[in-house]
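just need the structure, nothing else, for what follows:
(chains A and B)
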Number of protein chains: 2
Amino acid sequence: MEWISKSNILIVGLGLLGGSYAKALKRLGYHVTALARRQETIDYAVAHGIIDEGSAEVDPALVGSADAVIFALYPGVFKDWIRDNQQLLRSGALLTDVTGVKRCIVYDIQAMLRPDVEFIAAHPMAGREVYGVENSDDRMFHDANYIVTPTDKNSEQAVEWCKSLGRILGFRRISVLSPEEHDKMIGFLSQLTHCIAVSLMTCSDNRHLVDYTGDSFRDLTRIARINDAMWSELFMLNRDDLLEQMDLFAAEFNELRNLLAEGDVEGMREKMRLSTKRRAYFDK
Amino acid sequence: MEWISKSNILIVGLGLLGGSYAKALKRLGYHVTALARRQETIDYAVAHGIIDEGSAEVDPALVGSADAVIFALYPGVFKDWIRDNQQLLRSGALLTDVTGVKRCIVYDIQAMLRPDVEFIAAHPMAGREVYGVENSDDRMFHDANYIVTPTDKNSEQAVEWCKSLGRILGFRRISVLSPEEHDKMIGFLSQLTHCIAVSLMTCSDNRHLVDYTGDSFRDLTRIARINDAMWSELFMLNRDDLLEQMDLFAAEFNELRNLLAEGDVEGMREKMRLSTKRRAYFDK
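Down below sits the predicted model:
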């Protein structure tokens, strides 16, 4: 059984992800504290054994006693928190996060951070179409990827610690990517797919078709139930990569459309055969 | 327990769907025969109790003894079969099919058909990403829709018979649509989604991303493994409806792209909220 150093862990932001981190870590025997915006969130988490203690204020004692801090906040709020409260951190503390975009966060945080604490960024690629600590459930990590995105400023120990954190949380696969590689990947695999799902849902009012819907349509639009505040912020923070991926997709879709319009059956079949061949690589 | 008249049933085309029909009907106690292209298919189906008897030739005795004939063929092959072999059908026989497009089939078949037999079209909206009688499995009907698409030429008895057939096969929901309504619906719900999945898979070579793939990407591309012969034929046979749907989607996707490019966060959030609201109707 792996055990990570830094066993007094503070989680800042107790939503679905923060709550799921807390649940897993507390069950493993770590001392888990949390900061949340609302007192009810803290009360719920304490009452349900998700955290040991917490506060709806930025409690200096709570922050100062943490060996490790996990930020589960929206990107903008995360930066503000560091700017306003980093003086409260214990010297030697290790910080990590769950943010879904990296370039726009990692370098800024590292640049503004005190030299005696270290920020090692990570992206747990797990989520649900529900929100809040009440829905937290660390089983969602078990089939998911966990990506550590270090920079030149990171120590090897911090990278290893962060990978260990992913392992003890139960993630299926732990990888290391640069912030740039991460953002390109996420632009394609996650953000583009959400753009497609949303557009498919909004392109016409098809509620009268609900009775005829099969699995394909449900599969393609499952993620069309989307947290608009979070995703619009993530899109904006990865705008150039996402636009590039959207344009690639739109050009390809248009090519298929023109093959159909021209009646080029062999051209369509070629696309379909390539698609079938490539998709085979993605089967679990 | 419902029992349909026409209990001597011939299935023409013994692939995944034809085989699944056969399995279900034989288990219910009907006498099920089949025509297939290859003798091995017939041998397999007889050996596994999927059919009572069958032939790799268009056997006049087999065709002439059927009260009902279910055509599970590609659209083009289906038309040729009727043209070449309809003289073998028993007078009073009822014909139905499983074809995924309707306008281009139903009227042509009805126009060329002998006056003493009746064709009532249906579309069982069920399928798998596997092929052949070996994979046939009527459990795929249990959560699926079955659509009857009658025309002015159809008798009320034939429509009722066809609905009963869908019910005894175990389909979750039986509906009646005109061939035109059906093709419009299928252009959006099924064909457009396949075009999207294929384009997402072919727009760039992303095999190196396989390690980071989450559920959203897998969900959106599950149907990107596609039978190129069948789907290119279905696309061509529904070309005008599918092009219309593709253009609606492409315009909407482009709108979202431009909102992002312009940094119009509120515009993006509005699309996402509409998407979330609409998707809620499609939850099972």
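
strands of chain A, start to end?
Remark: strands assigned in chain A by DSSP state E are A:8-12, A:31-35, A:53-55, A:68-71, A:94-97, A:118-119, A:122-125, A:145-148, A:173-176.

okay if I get the ones you listed as TSV plus mean neighbour count?
For glycine as for every other residue, the C-beta is placed from the backbone atoms N, C-alpha and C. What follows is the strands of chain A, written out as TSV (neighbours: other CB atoms under 10 Å in any protein chain shown):
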stretch	mean neighbour count
strand A:8-12	24
strand A:31-35	24
strand A:53-55	18
strand A:68-71	25
strand A:94-97	25
strand A:118-119	22
strand A:122-125	25
strand A:145-148	23
strand A:173-176	16
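
mind putting those strands in CSV, distance to B:Arg139 and mean pLDDT included?
Listed next are those as CSV, based on distance: least, CB to CB, whole Å; pLDDT from 0 to 100:
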stretch, distance to B:Arg139, mean pLDDT
strand A:8-12, 44, 97
strand A:31-35, 45, 98
strand A:53-55, 48, 98
strand A:68-71, 44, 98
strand A:94-97, 44, 98
strand A:118-119, 51, 98
strand A:122-125, 32, 95
strand A:145-148, 32, 95
strand A:173-176, 32, 95
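
and the helix or strand of chain A with the lowest mean pLDDT, anywhere near chain B?
Sorted by mean pLDDT, DSSP states H and E, the helices and strands of chain A end with helix A:215-221, the least confident at a mean of 87. Yes - contact of helix A:215-221 with chain B (CB under 8 Å from any CB of the partner chain) involves A:216-221.

residues contacting A:Trp3?
For A:Trp3, the contacting residues are A:Ile168, by CB atoms under 8 Å, 6 or more residues apart in numbering or on different chains.

next up, phi/psi of it, please.
phi -130, psi 130 (degrees, to the nearest 10).

longest helix in chain A, by residue count?
As assigned by DSSP state H, the longest helix anywhere in chain A is helix A:239-261.

pLDDT weak spots in chain A?
Residues of chain A that meet the criterion pLDDT under 70 lie in A:1, A:284.

thought A:Asp137 was touching A:Ala22?
No - taking CB atoms under 8 Å as the definition, A:Asp137 is not a contact partner of A:Ala22, at 11.4 Å.

and those two? Which one has more around it.
A:Ala22 (28 against 14; other CB atoms under 10 Å in any protein chain shown).

quick check: the gap between that one and chain B.
22 Å (CB to the nearest CB, to the nearest Å).

from A:Ser55, how far out is A:Glu40?
Using CB to CB, to the nearest Å, we find A:Glu40 at a distance of 13 Å from A:Ser55.

which residue is nearest the middle of chain A?
When CA atoms, centre = their mean is applied to chain A, the residue found nearest the centroid is A:Gly100 (3.9 Å).

show the contacting residues for that residue.
A:Gly100 sits next to A:123, A:186, A:190, A:234 when contact means CB under 8 Å, 6+ apart.

now render the residues you listed as a markdown table, adding distance to B:Phe119.
Listed next are the contacts of A:Gly100 as a markdown table, based on distance: CB to CB, whole Å:
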| residue | distance to B:Phe119 |
| --- | --- |
| A:His123 | 56 |
| A:Ile186 | 51 |
| A:Ser190 | 47 |
| A:Leu234 | 53 |
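
which among these gets closest to chain B?
Ranked by distance to chain B (CB to the nearest CB), these are led by A:Ser190 at 6.0 Å.

now the closest one: closest residue in space, sequence neighbours ignored.
Closest residue to A:Ser190 apart from its sequence neighbours, by CB to CB, 6 or more residues apart in numbering or on different chains: B:Ser216 at 6.0 Å.

could you give the number of residues near that neighbour?
22.

how long is stretch A:208-228 end to end?
25 Å (CA to CA, to the nearest Å).

in it, what counts as buried?
Within stretch A:208-228, the residues that count as buried by 16 or more other CB atoms under 10 Å in any protein chain shown are A:209, A:212-228.

what do you get for stretch A:38-53?
Going by 16+ other CB under 10 Å, stretch A:38-53 has these buried residues: A:41-42, A:44-45, A:50-52.
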